[in-house]
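Enquirer: here is the input, now give the coordinates:
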Amino acid sequence: MILRWLGLFALGAVALSLCDRVHLAYGVLVQAGPKLLGQGLWVLPVFGAGAAGILAGYPVIRSAFGEPPIAWSPARVLRSGVLAAIAYVVTGPLHASPLLLSAGLLAAWLLRVGVRRSPAAAVYSLIVGLLGPAAEATFAALGMHTYSAPDLLGVPMWLPGIYLHGALFAVDSEALIPTAAPAPSR
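Expert: So this is what the prediction gives:
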């Protein structure tokens, strides 16, 4: 179980740091501190922990709503991952149009969440869409990074849109989450 979590941590750290390179390339943000391959040394561990945390949170919300787990589907996980990556990557070239970008990300999320008809997925996305930018606002306040055009609390208005789509990827990836083995029956 620990090796699986470490694998998800590493995969999340690498995938998110690659997506974030788009923000660096388009001047969306500047990362502070010592660098490794052009990114702050803090990026990989913070992104890995964030990815693991987002993955770990969904089963709690799903259980609270009484919804069953989604059946494993590699095609759905791949499609959801691609859609989340697209949502992340478009923010680089389109960051100069924050209202249009925010509206587009929100409309795409509404379509995606509406198709699945899962109150747990919708609520979880909204939670992640609030907590993710709040964490980034904290990092900005600590001087870890600076957005070139922040709108509120040091972050851009379109940032929740990335987290909304990332949360749906976590929903679709629930089968990858390591769980404790059931206790042997007596």
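Enquirer: now the residue nearest the centre of the chain, what's its secondary structure?
Expert: Nearest to the mean C-alpha position of the chain, counting by C-alpha atoms, centre = their mean, stands residue 166 at 3.6 Å. Under DSSP: H, G, I helix; E, B strand; the rest coil, residue 166 falls in the helix class.
Enquirer: so it makes contact with residue 57?
Expert: No - counting by C-beta atoms under 8 Å, residue 166 sits too far from residue 57 to count as a contact (11.5 Å). Placement of C-beta: from N, CA and C, glycine included.
Enquirer: overlap of the contact sets of these two?
Expert: residue 128 (C-beta atoms under 8 Å, 6 or more residues apart in numbering).
Enquirer: what about residue 87, distance to residue 118?
Expert: Separation of residue 87 from residue 118 (C-beta to C-beta, to the nearest Å) stands at 19 Å.
Enquirer: leaving out the residues flanking it, which one is nearest to residue 140?
Expert: residue 154 (3.2 Å; C-beta to C-beta, 6 or more residues apart in numbering).
Enquirer: enumerate every residue touching the one you found.
Expert: For residue 154, the residues meeting the contact criterion (C-beta under 8 Å, 6+ apart) are 136-137, 140-141, 146-147.
Enquirer: any of the residues you listed buried? List them.
Expert: 136-137, 140, 147 (16 or more other C-beta atoms under 10 Å).
Enquirer: tell me which two in those residues are the farthest apart.
Expert: Spatial extent of these (C-beta to C-beta) is set by the pair 137 and 147 at 9.8 Å.
Enquirer: residues shared between the contacts of the two?
Expert: Counting by C-beta under 8 Å, 6+ apart, the residues touching both residue 137 and residue 147 are 154-155.
Enquirer: for residue 142, the count of nearby residues, please.
Expert: 11 (other C-beta atoms under 10 Å).
Enquirer: and residue 74, by the same measure?
Expert: Residue 74: 8 neighbours (other C-beta under 10 Å).
Enquirer: residue 44 too?
Expert: For residue 44, using other C-beta under 10 Å, the count is 19.
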